[in-house]
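**Q** What would the 3D arrangement of this be:
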Amino acid sequence: MTSARIGILGTGSLAAAIVTGLSRDVTDPPEIVLSPRGASTSARLAAEFAQVRVAADNQEVVDESGTVLLCLRQGDLGVLDGLTWRAEQTVVSAVAGLGHEELARVVAPAAQVARAVPIMAVATRTWATPLRPALPGAAAVFERTGGVLPVETDKQFDAIYTGLGTIAPLFDYLATIEAFLVDHGLPSDGARTLVAQNISAALGPLGEASAPDFAELVREHAPVGGGNDQLATLLRQSAVPGQTRAALDEVFRRQTSGRWAEAGGNGSP
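**A** Numbers count the residues shown, from 1 in each chain. Modelled structure (predicted):
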């Protein structure tokens, strides 16, 4: 049935992760229609999963689906121009920086519109996807890929996008530690392995914790006078946490075109 079929516009790594989470080792996977964008990825997914097929064009994805996921880069939103939508469709955007009002405008007259923040972990069904609002059609998709985290306001949702886009700086930090070890004589392969194992051992348990206390974890890992304590203290004295917060605030401002500052910072209902 078209109403139960899921369409995906944009077929990159995120779309592939969603399709995998919905399909792999599942007894009743949903029918999925993929856009022809990312032809090699689309073809691979269609070959791997029997209920997945590639549409001839983007309009066919829309025509054949009750729920459509937008897994596009912000710069690729032009592919939505000229598409014809149906009022009863559910449209879910995973496009960073695309606000609710603009989304509703570009997919009108589709009335059921939501935004989501899936990440690659949906492939293994280990990520509860933030969803605003938690519409039944949208929630039905992501309940299959690890669950849903309902988000109450648009401001909170926009902040989630900024707050989760922080992995690259973490790897930059780890690369700095690797370089320190190499400068002191360790081979680069060995340095990378040590750094990776150390961070993996520390962060691995967080994936199973419902609400980890980061301040408490700092205390646990930083006995007074030890290396962890000294490094954390020096970084604070150098204003690294404050600079990080300032950078987050600036990215948030850019991604939202400053709309929350203009609105006095209050979140919409």
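
**Q** I'd say residue 142 and residue 118 touch.
**A** Yes: the pair residue 142 and residue 118 qualifies as a contact (CB atoms under 8 Å) at a distance of 6.7 Å. C-beta: built from backbone N, CA, C; applies to glycine.

**Q** Strands of the stretch 101-250 of the chain, start to end?
**A** 112-116, 129-132, 148-150 (DSSP state E, counting those that start in this stretch).

**Q** Among the ones you listed, which comes closest to residue 180?
**A** For those, proximity to residue 180 was assessed by CB to CB; strand 129-132 is nearest, at 35.6 Å.

**Q** Surely residue 122 and residue 142 touch.
**A** Yes: contact criterion CB under 8 Å: residue 122 and residue 142 qualify, at 7.4 Å.

**Q** ranges for the helices of this structure?
**A** Here the chain has its helices, by DSSP state H, at 13-23, 39-48, 58-63, 100-106, 136-142, 154-164, 167-183, 188-203, 214-221, 227-237, 240-255, 259-262.

**Q** Check the burial of residue 38 by counting its neighbours.
**A** Neighbour count of residue 38, defined by other CB atoms under 10 Å: 20.

**Q** Let me know the distance separating it from residue 98.
**A** Residue 38 is 19 Å from residue 98, where distance means CB to CB, to the nearest Å.

**Q** coming back round to it: more neighbours: residue 122 and residue 142, which one.
**A** Between residue 122 and residue 142, counted using other CB under 10 Å, the more crowded position is residue 142 (28 against 25).

**Q** From residue 11, how far off is the residue nearest to that one when sequence neighbours are not counted?
**A** Spatial nearest neighbour of residue 142, chain neighbours left out: residue 129 (4.1 Å); criterion: CB to CB, 6 or more residues apart in numbering. Look at residue 129 and residue 11: by CB to CB, they are 18 Å apart.

**Q** anything in contact with each of residue 122 and residue 142?
**A** With contacts taken as CB atoms under 8 Å, 6 or more residues apart in numbering, residue 122 and residue 142 have residue 129 as neighbours in common.

**Q** ok, residue 41 - contacts?
**A** Applying CB under 8 Å, 6+ apart to residue 41 gives the contacts 11-13, 15-16.
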